[in-house]
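>>> Predicted structure and sequence below. I'll ask about it afterward.
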Amino acid sequence: MDLWPAIDIRDGKCVRLHQGDFETVTEYGDPVEVATQYLDAGAKQLHVVDLDAARTGDQSNRETILRMVRRTQLMIQVGGGVRDEESAAALLDHGVARVVIGTAAVSEDQSFLSGLMERWPARIAVGLDYRVGRDAYGGVRRELAVRGWTEMSGVSIERALARLAWLPLAGVIVTDIARDGTGAGPDLVEYAELLDATDLPIIASGGVSSAADIARLARLAKGERRLSGVIVGKALLSGLLTVADASRAALELTR
């Protein structure tokens, strides 16, 4: 299972939100310096979210992201505000390894995604960020949020995965927004259900606070299916967890 340290960027700074709330922000300095620290600590991948682009389409953080690419040898995947081919090209043609499509991936029309994958094979991932609620019958409903988590889509995560099933995606990043930035632990039940429901590569995101959380995700399986990766943000930024310990836990099954 791959470890993806996470850097969220807002107004040119590395930040973390609490449960997706843009009014509850903790700053951690220069994103390029944080990326370099992760590289020096042994990280091989990096997950970057441009919060300004995700919420408003503002691309002012793009140069910061490209400096991260130039300064490190990390495999960097970037999400946030990639809603057309031009914005994808501005990243993928300048050293970003993957782009993550969020809002545009929830649409019933999959021509945009398929077009991106035709131009950049194996370099397109999808981000599905959900909030847990109740349906009309009192059952659990996991509804996807869009536009930087500021709007609800009316689409369940299960419905979105069914639409995406035929696409050769590089990964599907699944985030429980209520757990993101809280350290409450990952939604193991949901990830087990998703492994059973789709053949797409699933990357877990949200709530990880310890090496034990990562090891539990690494051991999670449905038949031969296991998680492709785990994204860890606040636990690394706050010092609760080191890259070395997180990496060892992600390799739990091979130790």
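Arrived safely.

>>> so where do the strands sit in the chain?
Using DSSP state E, the strands found in the chain span residues 2-10, 13-18, 21-27, 45-50, 75-79, 98-101, 124-134, 140-146, 151-156, 171-176, 202-205, 221-222, 225-226, 229-232.

>>> mind listing what the fourth one pairs with, with the direction of each?
Here strand 45-50 has these sheet partners by DSSP bridges: strand 2-10 (parallel), strand 75-79 (parallel).

>>> For the first one, buried residues please.
Buried residues in strand 2-10, defined by neighbour count with 16 or more other CB atoms under 10 Å: 2-10. C-betas here are computed from N, CA, C, even on glycine.

>>> One more: stretch 240-248?
Across stretch 240-248, burial judged by 16+ other CB under 10 Å covers 241, 243, 246-247.

>>> Contact partners for the closest residue to Leu200 other than its chain neighbours?
Excluding its sequence neighbours, the residue lying closest to Leu200 (CB to CB, 6 or more residues apart in numbering) is Val172, at 4.9 Å. Contacts for Val172 (CB atoms under 8 Å, 6 or more residues apart in numbering) come out as 125-128, 161, 164, 198, 200-203.

>>> Pick the one among those residues closest to Thr24.
Minimum distance to Thr24 across the contacts of Val172 is 20.5 Å, recorded for Gly127 (CB to CB).

>>> List the contacts of the closest one.
Counted by CB under 8 Å, 6+ apart, Gly127 has contacts 79, 100-102, 105, 172-173, 175.

>>> Now Arg147: phi and psi?
Backbone torsions for Arg147, taken as degrees, to the nearest 10, come to phi 50, psi 60.

>>> And for it, the neighbour number?
16 (other CB atoms under 10 Å).

>>> and what of the one 4 residues further on?
Glu151 is surrounded by 12 other residues when neighbours are defined as other CB under 10 Å.

>>> Pull up the gap between it and Arg248, please.
From Glu151 across to Arg248, the span is 39 Å (CB to CB, to the nearest Å).

>>> how far away is the most centrally placed residue in the chain from Arg219?
When CA atoms, centre = their mean is applied to the chain, the residue found nearest the centroid is Ile173 (4.6 Å). According to CB to CB, Ile173 and Arg219 sit 20 Å apart.
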